[in-house]
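S.K.: Quick one: sequence and predicted model below, then my questions.
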Amino acid sequence: MEQKKKKIVVFTGAGVSADSGIATFRDSDGLWVNYRIEDVCTPEALVRNRAQVVEFYNLRRRESLTKKPNDGHLAIASMEEWADVEVVTQNVDNLHEQAGSSRVTHLHGELMKLRSERNPDLIYDINGWEQKLDARAEDGALLRPHIVFFGESVPMFDTACKIVASADILIVVGTSLAVYPAASLVYYVRDRQVPIYLVDPGNPDTAMIRNPLYHIKERGAVGVPQLVAQLRDELTK
Ligand code: APR
């Protein structure tokens, strides 16, 4: 009889895309070193500095169009051959999808989408990189980036909690675990036995994690393929 596939949930942050050439937020070369969050990533900024906010995300979008998935993204997607895999990402790029991951939940929105400022359910794919300042949704409201700004609620959080709670194994890649509620997802594992593998060259805030924790101190493009090979050996023997 065929054994039921293990459920592997992969929770990623900016670090998983760092090896694709996309800057993280809080490293020394990070985005929040060069920009102030309150200027470009809050609902107040969208009202006060609309042009600056739209320009900021146009730049991010233009940059992301030139980026390709790295070996970390590809290794995550490859696990679908032998495990039941879901990805929860804080990233707004689409590199997991480009790598072939079929189930990706975006906690903080998606760069390649815009939505109505009035109706959050009116969401549109954007063609190319440029959001025109005066572009409107079909309800007549101005469009805005489909991004969860600081100070806004995280509509996909409950869905993400359920996904994490379904994990037999949780893999966390490239997140400082500094931004809530996203960082608290690691506490939604089903029980204390679920192993948590962390791939990050830095030191994310894991002080409160009580589950078995294995920190692979490598960058994503190196550490994730290593971990995936190890898990494949263990789970497909
Ligand atoms: N491979 C893997 N991890 C890396 C790499 C790499 N090559 N380079 C850096 N990292 C790690 C850092 O050590 C750090 O732990 O990636 C993490 C990046 O942390 P942050 O910049 O804080 O990014 P993230 O945790 O995704 O930020 C969360 O903050 O501003 C918001 O909405 C934004 O989703 C984002 C949220």
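M.R.: Here it is on my side, so go on. Nothing here was measured: the structure is a model prediction, and the numbers come from that model.

S.K.: My guess is Ala14 contacts Gln90. True?
M.R.: Yes. Ala14 lies in contact with Gln90 (C-beta atoms under 8 Å); the separation is 7.2 Å. Where C-beta positions appear, they are placed from N, C-alpha and C, glycine not excepted.

S.K.: and for those two, which residues touch both?
M.R.: Common neighbours of Ala14 and Gln90, counting by C-beta atoms under 8 Å, 6 or more residues apart in numbering, are Thr175.

S.K.: How is the protein divided into domains?
M.R.: 1-21+68-108+154-237, 23-66+112-147 (automatic domain parsing).

S.K.: What parts of the chain come near the ligand?
M.R.: Contacts of the chain with the ligand, taken as C-beta under 6 Å from any ligand atom, map to 13-15, 18-19, 24-27, 30, 90, 108, 174-176, 178-179, 200-202, 204, 219-220.

S.K.: Restricted to helices, list these.
M.R.: With helices taken from DSSP state H, the overlap with the residues of the chain next to the ligand comprises Gly15, Ala18, Gly220.

S.K.: would you list the residues you listed in CSV and tack on neighbour count and pLDDT?
M.R.: Rendered in CSV, the data for those read as follows (neighbours: other C-beta atoms under 10 Å; pLDDT from 0 to 100):
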residue, neighbour count, pLDDT
Gly15, 27, 98
Ala18, 21, 98
Gly220, 27, 98
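
S.K.: Distance-wise, check Arg50 relative to Val228.
M.R.: Distance, Arg50 to Val228, by C-beta to C-beta, to the nearest Å: 43 Å.

S.K.: Of those two, give the one with the bigger neighbour count.
M.R.: For Arg50 versus Val228, neighbours defined as other C-beta atoms under 10 Å are more numerous around Val228 (25 against 14).

S.K.: What residues does that one make contact with?
M.R.: Counting by C-beta under 8 Å, 6+ apart, Val228 makes contact with Ala75, Ile76, Ser78, Met79.

S.K.: By neighbours, which of those wins?
M.R.: Ranked by neighbours (other C-beta under 10 Å), these are led by Ile76, which has 30 neighbours.

S.K.: how far is the lowest-mean-pLDDT helix or strand in the chain from where the chain is centred?
M.R.: Of the helices and strands making up the chain, the lowest-confidence element is helix 31-34, at a mean of 91, by mean pLDDT, DSSP states H and E. Its chain's average C-alpha position is 18 Å from that of helix 31-34, according to C-alpha atoms, centre = their mean, to the nearest Å.

S.K.: Following element in sequence after it, please.
M.R.: On the C-terminal side of helix 31-34, the nearest following helix or strand under DSSP states H and E is helix 37-40.

S.K.: re earlier: could you list the buried residues of the least confident helix or strand of the chain?
M.R.: When burial is assessed from 16 or more other C-beta atoms under 10 Å, helix 31-34 yields the following buried residues: Leu31.

S.K.: For the longest strand seen in the chain, which strands pair with it and how are they oriented?
M.R.: Across the chain, the strand with the greatest residue count (assigned by DSSP state E) is strand 109-116. With DSSP bridges as the criterion, the sheet partners recorded for strand 109-116 are strand 123-125 (antiparallel), strand 143-147 (antiparallel).
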